[in-house]
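Student: what's the 3D shape of this:
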Amino acid sequence: MPGPSADPAPIALRRSVTGPLLVLYGVGTMIGAGVYALIGEVAAAAGMFAPLSFVQASLIAALTATSFAELAARYPQSAGEAAYVSAAFADRRIALLVGLLIIASGIVSSGVMFRGFAGYAGGLASFEPWHAYLGLALLIGGLASWGIGQSVFAIAAITIVEVGAILFVIALGAVRGLDLPDAVPAFGPAGAAGVVAGAVLAFYAFIGFEDMVNIAEEVKRPRRTLPAAILLALLLTALIYIALAVVAIGSVSVSELGASTEPMTLILSRLTDAPSGWMSYVAMLAVLNGALVQVVMASRVLFGLSRQRLIAPWFGRVHPRTRTPIAATLLVIAGVFAAAMLLPLATLAQFTAMFLLIVFALVNVALIRVRRTDAEPPGHFTAPRIVPYLGAATAALFALTSGYQIVS
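Tutor: Numbers count the residues shown, from 1 in each chain. Down below sits the predicted model:
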């Protein structure tokens, strides 16, 4: 029996997330920001070739997602990226850097979504943007602190609504017909540059698969569930994005899409004479959904870093009733509010993409190194041998491109 001075065992997170809920969790964070907040920005950069930007971004994301799937089977724990890098390099400083970059990406990404929410809400009522940011911070912070089961159920429910609305728009575009053949210009060097610029922004729209590994300690049978859920969520998201991008440029001019603060509502209004204002409400739900996912993810990374003794133990404390890391959640939500107040939408997206691309390059290299030292886990998902090499190269290249766009 331990003596009176023995430390109590730390409270564990609750395993309540199933495979279907995890897929909806991943789709929810990717769909929320990419379509409802950034479709216009991608169109402004790539013009009529916006669908190609989404194709390129999805292929780059797929390389790294496949590496994540294998590493998630090997090391199913919170702050997954930091754990992967720590296992590969045995360097706590690199692991801490990766964890902090992931947290920064989650905070800045949520700032994108807060701004997207305010853009849609501003079309329905008149208010100061910071009022919306503060209200969102209180709502999302409260829900994320309430419990993982409640948070993931809310995310799944909203995901079903938002994906249904997008599929409705895609179906309308297919029935109505699009004017693509006459509108598409010749593809030359300028078009290729636009596609790459659009892909850097579009890549942000696929952020979410990496969030899934950071709730590994709350997933049932994570070694089996995580790899399948990561790849399925990314595939579903890519198909939806590409189809919607085709509908968008075939129904609205590129200049109008790029200038709109409510691009989904604008697209719907051009496809039907029926009232389209309801799309603004769906868009607000979708953006809210994505922000909730990012806040949950970033708080779990803080929790994981603390449990790995890379930061103060305070962030690793779990509330005994809610079984959530409340202190970590409060810090993250305060950072999100500050990000939304300080930076414009496109800049937030570019910073998020750059942070994550650096992490993705390191994670791919980590898988290469881990394979040389650790035996392949029997019966678990294994990525093709070439994947981490391609993933590291493309992530590094896109990180440089994103950094150049920010400073230029």
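
Student: which helices and strands does the helix or strand containing Ala202 pack with?
Tutor: Here Ala202 sits within helix 189-204, counting by DSSP states H and E. For helix 189-204, the packing partners by 3 or more CB pairs under 8 Å, 6 or more residues apart in numbering; DSSP states H and E come out as helix 19-46, helix 50-74, helix 345-373, helix 387-407. Glycine gets a C-beta too; all of them are placed from N, C-alpha and C.

Student: List just the one of these that sits closest to Glu218.
Tutor: Judged by CB to CB, the one of these that comes nearest to Glu218 is helix 19-46, at 9.5 Å.

Student: how far out from the middle of the chain is the closest one?
Tutor: Distance of helix 19-46 from its chain centroid, counting by CA atoms, centre = their mean, to the nearest Å, is 7 Å.

Student: Taking helix 189-204 as reference, get the angle to it.
Tutor: Interaxial angle, helix 19-46 versus helix 189-204 (axes from the mean of the first three to the mean of the last three CA atoms, to 10 degrees): 150 degrees.

Student: Offset the numbering so it begins at 780, please.
Tutor: Sure thing, new numbering starts at 780, so read that last one as helix 798-825.

Student: So for helix 798-825, mean pLDDT?
Tutor: Taken as a whole, helix 798-825 has a mean pLDDT of 79.

Student: what's the angle from that helix to helix 1124-1152?
Tutor: 130 degrees.

Student: show me what contacts Leu850?
Tutor: Gly859, Tyr863, Val992, Val1142, Ala1145, Leu1146, Val1149 (CB atoms under 8 Å, 6 or more residues apart in numbering).

Student: could you check the distance from it over to Ile1147?
Tutor: Leu850 is 11 Å from Ile1147, where distance means CB to CB, to the nearest Å.

Student: got any ranges where this structure has weak pLDDT?
Tutor: 780-789, 791-792, 795, 811-816, 956-966, 1124-1125, 1127-1128, 1154-1157 (pLDDT under 70).

Student: residues near the residue lying closest to Gly805 once chain neighbours are set aside, how many?
Tutor: Leaving aside its sequence neighbours, Gly805 sits nearest to Ala1012 (CB to CB, 6 or more residues apart in numbering; 3.2 Å). Counted by other CB atoms under 10 Å, the residues lying close to Ala1012 total 27.

Student: ok now do Ala1012, which residues does it touch?
Tutor: By CB under 8 Å, 6+ apart, Ala1012 lies in contact with Leu801, Val802, Tyr804, Gly805, Val806, Met809, Gly987, Phe988, Met991.

Student: could those residues go into TSV alongside neighbour count and distance to Val1111?
Tutor: Below are these laid out as TSV (neighbours: other CB atoms under 10 Å; distance: CB to CB, whole Å):
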residue	neighbour count	distance to Val1111
Leu801	26	21
Val802	22	24
Tyr804	29	17
Gly805	27	19
Val806	28	22
Met809	28	19
Gly987	29	16
Phe988	25	20
Met991	30	17
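
Student: of all those residues, which comes closest to Leu1109?
Tutor: Tyr804 (21.7 Å).

Student: So the closest one is in contact with Val796, correct?
Tutor: Yes: the pair Tyr804 and Val796 passes the contact test of CB atoms under 8 Å, sitting 7.2 Å apart.

Student: and for these two, which residues touch both?
Tutor: Counting by CB under 8 Å, 6+ apart, the common neighbours of Tyr804 and Val796 are Val931, Ile994.

Student: among the helices and strands packed on helix 968-983, which is nearest Leu1067?
Tutor: Taking the helices and strands packed on helix 968-983 one by one with CB to CB, helix 798-825 is closest: 7.7 Å.

Student: one step back: could I have the helix or strand that the helix holding Ala981 is followed by exported to PDB, CA atoms only?
Tutor: Elements were assigned by DSSP H and E; along the chain past helix 968-983, the next helix or strand is helix 988-991. Output in PDB follows, covering the C-alpha atoms of helix 988-991 (Å, rounded to 0.1, in the frame of the first residue of the first chain):
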ATOM      1  CA  PHE A 988      -6.600  14.600 -40.500                       C
ATOM      2  CA  GLU A 989      -3.700  15.300 -38.200                       C
ATOM      3  CA  ASP A 990      -6.100  16.500 -35.500                       C
ATOM      4  CA  MET A 991      -7.500  13.000 -35.400                       C
END
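
Student: buried residues in the helix or strand just after helix 988-991?
Tutor: The C-terminal neighbour of helix 988-991 among helices and strands, as given by DSSP H and E, is helix 1001-1030. Neighbour counts over helix 1001-1030 (16 or more other CB atoms under 10 Å) mark 1001-1006, 1008-1013, 1015-1017, 1019-1030 as buried.

Student: Surely Trp925 touches His1098?
Tutor: No: between Trp925 and His1098 there is no contact under CB under 8 Å: 10.0 Å.

Student: what residues are up against Leu831?
Tutor: Ala825, Val974, Gly977, Ala978.

Student: Am I right that Ser1085 is in contact with Ala1106?
Tutor: No: contact criterion CB under 8 Å: Ser1085 and Ala1106 do not qualify, at 9.3 Å.

Student: of these two, who's got more company?
Tutor: Taking neighbours as other CB under 10 Å, Ser1085 and Ala1106 compare with Ser1085 leading, 23 against 20.

Student: Validate this expectation: that one resides in a strand.
Tutor: No: counting by DSSP: H, G, I helix; E, B strand; the rest coil, Ser1085 falls outside a strand, being helix.
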